[in-house]
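1. Pasting a predicted model and its sequence here:
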Amino acid sequence: MKLPSFLLCLAFAARAETPASDSQTLQHLLTEVHQLRMALERSNQIAPRIQIAIERLKLQQEQVARVSKQLDDLRRELDHGRAEQPKIQQHLESLSSAATSATDPQQRKDFEAQLSIFKMEAEQAEKSLQQMQLRESELSSQLQSEQAKLTELSDRLDQMERSLTAQSESVR
């Protein structure tokens, strides 16, 4: 008699636990669905921001490349102008020497006219070099500024990535 009553009590106890277990399972599932919904909402909020940041990053990379190319081109031009300076100076000295050593007055007058014209061209070349040096300084400064913006955008993307990684780990 003890055994059947024990089995009966055990069956009632098991049946009483089943609804509680179902309730816990249902609660767990509801919690998981809620977390999934929250994750989807965060994803829907963050995805456009990430896409905008990526597009800004691409545009900034193009801007950095553009300014860098301008600076490189200008530096090549400056190097060429600086390489020409000694040749110009040598030509000026040659014309000056020819003008002073010319015995024929017409020849001397021609050399002096050429020297005058070449001096003006040399001055123009010098002014041009100075303007290029000023432009080089401006472009160099602009490049640093554009690179700083690029770094800032990259850091922002890294921060978003870390935030997403942390959120995805907290959902697990």
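-> Perfect, thanks for sending it.
2. can we go C-alpha only for contacts and neighbour counts from here?
-> Will do.
3. So which elements touch the helix or strand K87 falls within?
-> Per DSSP states H and E, K87 falls inside helix 2-101. In this structure, helix 2-101 packs against helix 105-171, with contacts taken as 3 or more C-alpha pairs under 8 Å, 6 or more residues apart in numbering; DSSP states H and E.
4. what's the neighbour count on V64?
-> 21 (other C-alpha atoms under 10 Å).
5. so what's the spatially most central residue of the chain up against?
-> By C-alpha atoms, centre = their mean, the chain has its centre lying nearest to L150, at 2.7 Å. L150 is in contact with L57, Q60, Q61, V64, counting by C-alpha atoms under 8 Å, 6 or more residues apart in numbering.
6. Let's have these in a markdown table, adding distance to R75 and pLDDT.
-> Below are the contacts of L150 laid out as a markdown table (distance: C-alpha to C-alpha, whole Å; pLDDT from 0 to 100):
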| residue | distance to R75 | pLDDT |
| --- | --- | --- |
| L57 | 27 | 93 |
| Q60 | 22 | 96 |
| Q61 | 21 | 97 |
| V64 | 16 | 97 |
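7. Of the residues you listed, just the buried ones, ChimeraX syntax please.
-> Here is the ChimeraX command that picks out the buried ones among the contacts of L150, judged by 16 or more other C-alpha atoms under 10 Å:
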select :57,60,61,64
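8. Dump the contacts of L150 to a markdown table, plus distance to E123.
-> Formatted as a markdown table, the contacts of L150 follow (distance: C-alpha to C-alpha, whole Å):
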| residue | distance to E123 |
| --- | --- |
| L57 | 44 |
| Q60 | 39 |
| Q61 | 39 |
| V64 | 34 |
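9. How far does the helix holding K87 sit from its chain's centre?
-> 12 Å (C-alpha atoms, centre = their mean, to the nearest Å).
10. Give me the angle between it and helix 105-171.
-> Computed by axes from the mean of the first three to the mean of the last three C-alpha atoms, to 10 degrees, the angle separating helix 2-101 from helix 105-171 equals 170 degrees.
11. Quick check: closest non-adjacent residue to A125.
-> G81 (7.7 Å; C-alpha to C-alpha, 6 or more residues apart in numbering).
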